[in-house]
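# coords please:
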Amino acid sequence: MSSDADGPSHPINQARRLAAECFPDALSVILAGSTASGRATVTSDLDIAVLIEDGGETRRETLRFEERLVELFVHTRAGLDELFAADTASRRGVMQYMYAHGLVLSEREEAATHIKQHAEDALHEGPGALPPAAVESQRYVLTDALDDLADAADVVERLAVANVVLSTAADLLFDHHRAWTGGGKWLPRRLLQADPEHGGALLDGYRHLCENGEPEDFADAAAEILTLAGGPLREGYARTWRAAAESAAR
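Alright, predicted model coming up:
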């Protein structure tokens, strides 16, 4: 950031003013995301989690404060429990990461302190294992996608298939380590956290494919992850409609 950390335009100070002006009675206000981790740029938004008294409304809201975009995550205690449960089911741990690694802007009754500890415990425990049927489905998808990647002559088709390979291989690697997943910019970050060796090789291969059009390193890295998950799955694979529907829903 080009702004002085002590200056009024610094995003942390903007977040403190927003907390004081908009949520003076909140049980806790937490600043998360790139600003809290020191990765903010001049265009970064503010990710703010707000715990309010029971009887309020759990919601997500986007607004602009002092010309900076703000993503608000407002919730009651019961609402936060539901969000934690949903983020555990999705295996992303979004709110858990926000609280565990966020910066406390304000709190009453040590509310933020207690929730941060709860979030840290949840992150340490991990999301649990995928059901065996889901792992088999992902192995089958990755096996098929790697075959398509080897056959793809069209550049656009190759990149489209590569996205399937990347996401599916990442899911299997996350599950292998019982690690939290991520989407968008968080996918490479979480991959490197979960497994610097295999995750790094997958990302390096993906970058090489995007830059040079050569899929070999990427395919090799994905194939190694497939081996960790049980290996390729083609002949003999079968699933019932219910299992297929549940896997798609996940």
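# contacts, neighbours, all on C-alpha from now
Fine.
# what's the domain layout of this protein?
According to automatic domain parsing, the chain comprises the domains 11-125, 132-249.
# can you put these in a markdown table and add mean pLDDT and mean neighbour count?
Shown next, in a markdown table, are the domains of the chain (pLDDT from 0 to 100; neighbours: other C-alpha atoms under 10 Å):
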| stretch | mean pLDDT | mean neighbour count |
| --- | --- | --- |
| domain 11-125 | 94 | 17 |
| domain 132-249 | 93 | 17 |
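# quick one: the strands in the protein?
Per DSSP state E, the chain has strands spanning 28-32, 46-51, 59-65, 68-75, 103-107. These are given in chain order.
# can you list contacts of the third one?
Contact with strand 59-65 is made by 18, 69-75, as judged by C-alpha atoms under 8 Å, 6 or more residues apart in numbering.
# mind checking which of the strands of the chain is nearest D171?
strand 28-32 (24.6 Å; C-alpha to C-alpha).
# from F23, how far off is A111?
14 Å (C-alpha to C-alpha, to the nearest Å).
# follow-up on the earlier one: closest one of the contacts of strand 59-65 to D151?
Nearest to D151 among the contacts of strand 59-65, counting by C-alpha to C-alpha, is E71 at 42.8 Å.
# surely the closest one and V50 touch.
No - in this structure, E71 is not within contact of V50 by C-alpha atoms under 8 Å, at 10.7 Å.
# CA atoms only: put stretch 217-225 into PDB for me.
Extracted in PDB, the C-alpha atoms of stretch 217-225 (Å, rounded to 0.1, in the frame of the first residue of the first chain):
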ATOM      1  CA  ASP A 217       4.000 -31.400 -17.200                       C
ATOM      2  CA  PHE A 218       0.500 -30.500 -16.200                       C
ATOM      3  CA  ALA A 219      -0.800 -33.900 -17.100                       C
ATOM      4  CA  ASP A 220       2.000 -35.700 -15.300                       C
ATOM      5  CA  ALA A 221       1.300 -33.700 -12.100                       C
ATOM      6  CA  ALA A 222      -2.400 -34.400 -12.200                       C
ATOM      7  CA  ALA A 223      -1.700 -38.100 -12.900                       C
ATOM      8  CA  GLU A 224       0.500 -38.200  -9.700                       C
ATOM      9  CA  ILE A 225      -2.400 -36.800  -7.700                       C
END
